[in-house]
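K.L.:
I need the structure of the sequence given here:
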Amino acid sequence: MTAIIRTYRDSDFDDVDSLWRRCFPDAPERNRAEYSIPAKLAVDDGLLLVADAAGAVAGSVMAGYDGHRGWLYAVAVDPDYRMRGIGAALVRAAEARLLELGCAKVNLQILGENAPVARFYHQLGYEIEERISMGRLLRA
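P.N.:
From the prediction side, this is the model:
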């Protein structure tokens, strides 16, 4: 691996914003960094992590825990840093922090047609669970 996994710092915002725009170009506006990061930081749970490669943000993961189940969001690795174990290190670091909080199970969602990402998570021990994912937009 060519990066150190650490907690997000305010000075990382521009790099994470750029990373997310590059990795998630079709993400809805509500998932953009300018909305998601301040909301996550307001929770103050230490579950927004970055992969720091000599001062550059090479990846990110945002995790959540509600006392019942953990979730992974925004797992992203800069294309220039892929295939170096950074994505796996980000996921494992988030899992470790979730476990410290008492989390017993982690969930995540990916788009059905994203087979490469499904393979990545499968290699990390994640399994497809037959569920219907539903959502409701509460604000634009």
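K.L.:
what are the pairing partners of the lengthiest strand in the chain, and which direction each?
P.N.:
Identified as the longest strand of the chain according to DSSP state E is strand 56-65. Partners of strand 56-65 in the sheet, by DSSP bridges, are strand 48-53 (antiparallel), strand 70-77 (antiparallel).
K.L.:
I'd like those as JSON lines, with mean pLDDT, distance to L138 and mean neighbour count appended.
P.N.:
C-beta: built from backbone N, CA, C; applies to glycine. Listed next are the strands paired with strand 56-65 as JSON lines, based on pLDDT from 0 to 100; distance: least, C-beta to C-beta, whole Å; neighbours: other C-beta atoms under 10 Å:
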{"stretch": "strand 48-53", "mean pLDDT": "97", "distance to L138": "22", "mean neighbour count": "22"}
{"stretch": "strand 70-77", "mean pLDDT": "96", "distance to L138": "17", "mean neighbour count": "22"}
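K.L.:
can you redo those as CSV with distance to E113?
P.N.:
Formatted as CSV, those follow (distance: least, C-beta to C-beta, whole Å):
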stretch, distance to E113
strand 48-53, 26
strand 70-77, 17
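K.L.:
Relative to G64, which of these is closest?
P.N.:
strand 70-77 (4.6 Å; C-beta to C-beta).
K.L.:
Which strands or helices does the worst-scoring helix or strand of the chain on mean pLDDT pack on?
P.N.:
Lowest by mean pLDDT, DSSP states H and E among the helices and strands of the chain is helix 115-123, with a mean of 92. Judged by 3 or more C-beta pairs under 8 Å, 6 or more residues apart in numbering; DSSP states H and E, helix 115-123 is in contact with helix 86-100.
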